[in-house]
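Novice: based on what follows, work out the 3D shape:
(one chain, ligands or ions: 2)
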Amino acid sequence: MIKIHPSILCADLGNLANDLKRLEGADYLHIDVMDGDFVPNFGLGTNMIEHVRKHSDIPLDVHLMIRNPSRHIRHFRDIGAKIVTVHPEADTHISGTLQLIRELGMTPGIALNPGTSVETVKEVLPLCDHVLVMTVNPGFAGQKFLDFTLLKLAELGKLAEEKKFDLCVDGNIDFDRVKLLRPLGIKSFVIGTALFKHDPAEMIRKIKKENK
Ligand code: DX5
Ligand code: ZN
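Specialist: Ligands and ions are numbered 1, 2, ... in the order given. Prediction:
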């Protein structure tokens with residue numbers, strides 16, 4: 001069964017508690033944390049994550065788009081993260097950070113920018129349960145899908161079973177794109193703009209029914 005991770009960045013933040021109730025069937029809530037340095041945007045901070053935690057029981061998948069993430073791993077554990085995903089481009093000691101995430105009882109994930117190759121992370125794939133491929137440049141929702149990332153997705157799709165990680169995509173995913181990408185071995189989908197535009201629970205149901 002595929003997994004859907006709604007991107008909370010795309011929810012109505014002024015009416016978040018209400019939007020969180022509309023996510024029935026979601027497997028994880030995808031939380032984008034941005035430091036204004038690794039990516040040219042800010043968000044979502046501690047207060048917001050605690051608010052999400054208070055209003056939803058769906059586990060949190062925290063995507064850290066921040067430099068030197070190892071400094072903050074304990075903090076995200078303390079505020080309720082389940083999956084913690086870090087970028088190799090932002091961390092000199094990525095293997096230590098992935099080990100720390102697991103030691104603290106969470107699921108280690110690695111995220112690859114569109115320009116980062118599989119070769120760059122090959123050594124640390126055995127340390128990851130979750131591999132997130134960015135199909136837009138990280139930092140903003142509502143961007144155009146970058147077709148050149150498809151080659152990398154196909155390459156990782158072939159490795160996913162052997163290396164035992166969940167392959168996940170993030171960036172301009174919608175109903176049609178899930179259908180196209182599922183045969184590549186992708187099991188998990190972050191969906192932002194396309195999900196909150198409609199009735200999210202209805203769309204999650206429809207996507208899961210079509211892609212078993
Ligand atoms: C982009 C974020 C994504 C984004 C997804 O930096 O990592 O999670 O919110 O939004 P859409 O689906 O609109 O690309
Ligand atoms: Zn994200």
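Novice: so the residue in the chain positioned nearest to ligand 1 versus ligand 2, what's the distance?
Specialist: Nearest residue of the chain to ligand 1: Gly192, at 2.5 Å (Cβ to the nearest ligand atom). For glycine as for every other residue, the C-beta is placed from the backbone atoms N, C-alpha and C. Using Cβ to the ion, to the nearest Å, we find Gly192 at a distance of 8 Å from ligand 2.
Novice: got a list of what that residue touches?
Specialist: Pro6, Ser7, Leu9, Cys10, His30, Ala141, Gly142, Ile173 (Cβ atoms under 8 Å, 6 or more residues apart in numbering).
Novice: which of the residues you listed are buried? Put it as a PyMOL command.
Specialist: Of the contacts of Gly192, the buried ones can be selected in PyMOL as follows, counting by 16 or more other Cβ atoms under 10 Å:
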select buried, resi 6+7+9+10+30+141+173
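Novice: so which of the contacts of Gly192 sit within strands?
Specialist: Members of the contacts of Gly192 lying in strands (criterion: DSSP state E): Pro6, His30.
Novice: from the contacts of Gly192, list the ones also adjacent to ligand 1.
Specialist: Filtering those for neighbours of ligand 1 using Cβ under 6 Å from any ligand atom leaves Ser7, Leu9, Cys10, His30, Ala141, Gly142, Ile173.
Novice: a markdown table please, covering these and showing pLDDT and distance to Lys209.
Specialist: As requested, the ones next to ligand 1 among the contacts of Gly192 are exported to a markdown table (pLDDT from 0 to 100; distance: Cβ to Cβ, whole Å):
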| residue | pLDDT | distance to Lys209 |
| --- | --- | --- |
| Ser7 | 98 | 21 |
| Leu9 | 97 | 26 |
| Cys10 | 98 | 22 |
| His30 | 98 | 21 |
| Ala141 | 98 | 25 |
| Gly142 | 97 | 26 |
| Ile173 | 98 | 17 |
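Novice: farthest pair in those?
Specialist: Farthest-apart pair in the ones next to ligand 1 among the contacts of Gly192 is His30 and Gly142; separation 14.7 Å (Cβ to Cβ).
Novice: so which residues of the protein form helices?
Specialist: 16-21, 46-55, 73-78, 94-103, 118-121, 150-163, 175-181, 193-196, 200-210 (DSSP state H).
Novice: if I look at the closest residue to Met203 other than its chain neighbours, how far off is ligand 2?
Specialist: In space, and not counting its chain neighbours, Met203 is closest to Leu195: 5.7 Å by Cβ to Cβ, 6 or more residues apart in numbering. Distance of Leu195 to ligand 2, computed by Cβ to the ion: 13 Å.
Novice: ok, Leu195 - contacts?
Specialist: Ile4, Pro6, Ser7, Cys10, Met203, Ile204.
Novice: quick check, nearest of the residues you listed to Lys21?
Specialist: Pro6 (12.1 Å).
Novice: which ones are touching that closest one?
Specialist: Pro6 touches Leu23, Ala26, Leu29, His30, Val190, Ile191, Gly192, Leu195, Phe196, Pro200, Ile204, counting by Cβ under 8 Å, 6+ apart.
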